[in-house]
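>>> sharing a model prediction with you, sequence too.
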Amino acid sequence: MQNKYFDYFKTDKFNKIFNTVLFCIYIILILTTIFHHELWRDEAQAWLVVRDLNISGIIHHVKTEGHPLLWYVLLFPLAKLHLPVFSMQLLSFLLAAAGAAIFLFLSPFNKPVKISVIFSAGFLYWYSVIARSYSLIVPLLLLCAYFYPERIKKPYIYTILLILLSNTHVLMFGFSVILSVLFIFELFRSKHILTKTNVIFLPAVYFINFLLITIYILAGKQENLLVQTFINTDITGKNIINTFLSVFFNIYAYTPILFIILLIVFFFILLAILLKNDKKIFLTVFAGIAFQLAVYRYIWHTSPEKASLVLLILLFGFWIIFAGKNIPDKKRRLWSILITPVFLFTWITSFAVVKNDIKKDYSGSKKAAEFILKNTGKNAVFISNYNLTTAGISAYLPQQKFYFPQEKSFYTYSKWNNGLMKPFNSFVDYSGFKKQFNNKKIYFIFSFGIYIPYPPAEIKKVYESPADVLINTEKFYIYELQNNE
């Protein structure tokens, strides 16, 4: 009787109940956090670009930031239908829910691995609550893993998924190229019946897609953020080991260093398991991670959401191994024991960032926008000291533009490499603004992370962000110039 009782926990019925309960808990957690989350500049920037530009303007601008276009394509109808910016957050939620459902209901992992992954920092926060293009990566990459065993029999589905994945983010562009080259090589070696059209057509589709993305991302080197960063990188700076370590310190931000060292050891053991059991998958995973490290080393620094993609690629590799071979239960349990802590220890970060986001303002943008909406009229002009930090405020105020003195123009979204790093930090020229904006109510909006000068008597502080805003550069002071109307 006892064996029958325990056998129930291995049945398909119980597995479905377990996965459903886990999925519901996950949905409740991320929805709770999303409803408390204030947008910050990196989230708001994409929304402002699609909201305030036409199609040609969007294509030109996104190129300068070095991103593929898929996230902007999805946001475009939402913004042009004049939906509130919260619709972008709901889109991110739906993508996160889809990724969680794919992982829980379709992956070959056991319950401890599923629990550790679903509440990991990437799943629970960086790719769900933070509404950015990373939200697209989880469902697409996991679908690639799911269809991987059937890629030869279903080449068009696998091709579409890889093309979509390549258009999510530069980091996934590199990994998609690696997977595509491998797939094309396998197509030519396949014994399955494929028409000549397929053998020619599919490689051509990949080549055209990757060529267009490469040309698009690297076009206009004088104004392209990624190209300029690469050109100006000091290649004698931090080495690849420091870059690798920075990835793990971003993933396990709140974890004691001794545990981080242990987790790095686990990470290399898992790579060794991949190498021993499937050299092709090992090389794919290794190349995908190496590409990311090269990006962090030479082009752009890492961050928690970027670094967490390393674990996602590792998970992709083990999904394929678990699904594609008859692995003895003993090995499967051993490997799962090694995989689980690598994700489980990100829970320290997961619940820290979720707790902070619920208790505190992630950005000061929403409350600053509410103050502007309630306390200033249409006759107001807002002079900003930094054209990067106000994107979140603009996203909540569709009709509001800010004036940036360094560019002598009004703006909503940030224009990279165009006065981006030139904060305006002085009130000394406020008399010039009185003449320039005669009969207008003049306000100065300063971000707390930038040095704030002491205001003269004619300028009065009327608003200050809460002291415990999580993004330090998005704490705002708003000053009012007296008697200008």
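Nice, thanks for sending it over.
>>> per-residue confidence at Lys80?
Looking at Lys80, its pLDDT reads 96.
>>> my bad, should have said Tyr386
The model's pLDDT for Tyr386 equals 85.
>>> residue closest to the middle of the chain?
The C-alpha lying nearest the average C-alpha coordinate of the chain belongs to Tyr134 (C-alpha atoms, centre = their mean; 3.4 Å).
>>> any regions of the stretch 101-250 of the chain where pLDDT drops low?
Scanning the stretch 101-250 of the chain for pLDDT under 70 picks out the ranges 191-198, 220-238.
>>> with the stretch 351-485 of the chain instead?
In the stretch 351-485 of the chain, residues with pLDDT under 70: 416-426, 428, 448-453, 484-485.
>>> what segments of it are helices?
365-375, 391-396, 430-436 (DSSP state H, counting those that start in this stretch).
>>> show me which residues of the longest helix that the chain contains are buried.
The residue-count maximum for a helix in the chain (DSSP state H) belongs to helix 12-36. By 16 or more other C-beta atoms under 10 Å, the buried positions in helix 12-36 come out as 15, 19, 22-23, 26-27, 29-31, 33-34. (Glycine included, C-beta is placed from N, CA and C.)
>>> pop the domain breakdown of the chain in here.
Under the assignment automatic domain parsing, the domains of the chain span 2-36+85-358, 365-481.
>>> want to throw these into CSV with distance to Val49?
What follows is the domains of the chain, written out as CSV (distance: least, C-beta to C-beta, whole Å):
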stretch, distance to Val49
domain 2-36+85-358, 12
domain 365-481, 5
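>>> among these, which comes closest to Gly57?
domain 365-481 (10.2 Å; C-beta to C-beta).
>>> endpoints of the closest one, how far apart?
By C-alpha to C-alpha, to the nearest Å, the extent of domain 365-481 from end to end equals 21 Å.
>>> min pLDDT across the buried residues of helix 12-36, which one?
Out of the buried residues of helix 12-36, that is Asn15, at 85.
>>> and that residue, how far is that from Thr302?
Here Asn15 is placed at a distance of 36 Å from Thr302 (C-beta to C-beta, to the nearest Å).
>>> for Leu179, same thing?
Computed as C-beta to C-beta, the Leu179 to Thr302 distance reads 22 Å.
>>> one more: Gly317?
Gly317 is 20 Å from Thr302, by C-beta to C-beta.
>>> over to Val73?
Taking C-beta to C-beta as the criterion, Val73 is separated from Thr302 by 26 Å.
>>> more neighbours: which of the two?
Ranked by neighbour count (other C-beta atoms under 10 Å), Val73 and Thr302 place Thr302 first, with 24 against 12.
>>> which residue is the nearest non-sequential neighbour of that one?
The spatially closest residue to Thr302, leaving aside those adjacent along the chain, is Tyr296, at 4.3 Å (C-beta to C-beta, 6 or more residues apart in numbering).
>>> quick one: contacts for that neighbour?
Tyr296 makes contacts with 243, 246-247, 302, 306, as judged by C-beta atoms under 8 Å, 6 or more residues apart in numbering.
>>> which one of the residues you listed is nearest Arg332?
Val247 (27.4 Å).
>>> pretty sure that closest one contacts Val310?
Yes - applying C-beta atoms under 8 Å, one finds Val247 in contact with Val310, separated by 5.7 Å.
>>> what's the overlap in contacts for those two?
Gln292.
>>> ok, and what's touching stretch 342-356?
The contact list for stretch 342-356 (C-beta under 8 Å, 6+ apart) reads 29, 33, 113, 116-117, 119-122, 124-125, 129, 251-255, 259, 263, 266-267, 270, 304, 308, 311, 314-315, 362, 470.
>>> 7 Å - rerun?
The contact list for stretch 342-356, computed with C-beta atoms under 7 Å, 6 or more residues apart in numbering, reads 29, 33, 116-117, 119-121, 124-125, 251-255, 259, 263, 266-267, 270, 311, 470.
>>> mind listing which of these are in helices?
Reading helices off those with DSSP H, I get 29, 33, 116-117, 121, 251, 259, 263, 266-267, 270, 311.
>>> those residues: which two are farthest apart?
Longest span within the ones in helices among the contacts of stretch 342-356, C-beta to C-beta: Thr33 and Leu270, 29.2 Å.
>>> how about the contacts made by the residue nearest to the centre of the chain?
126-127, 169, 305 are the contacts of Tyr134 under C-beta under 7 Å, 6+ apart.
>>> turn those into a markdown table, columns for secondary structure and neighbour count.
Listed next are those as a markdown table, based on DSSP: H, G, I helix; E, B strand; the rest coil; neighbours: other C-beta atoms under 10 Å:
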| residue | secondary structure | neighbour count |
| --- | --- | --- |
| Trp126 | helix | 27 |
| Tyr127 | coil | 29 |
| His169 | coil | 24 |
| Glu305 | helix | 22 |
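>>> who touches Leu83 in this structure?
Counting by C-beta under 7 Å, 6+ apart, Leu83 has no contacts.
>>> make sure it is indeed in a strand.
No - Leu83: not assigned to a strand; according to DSSP: H, G, I helix; E, B strand; the rest coil it is coil.
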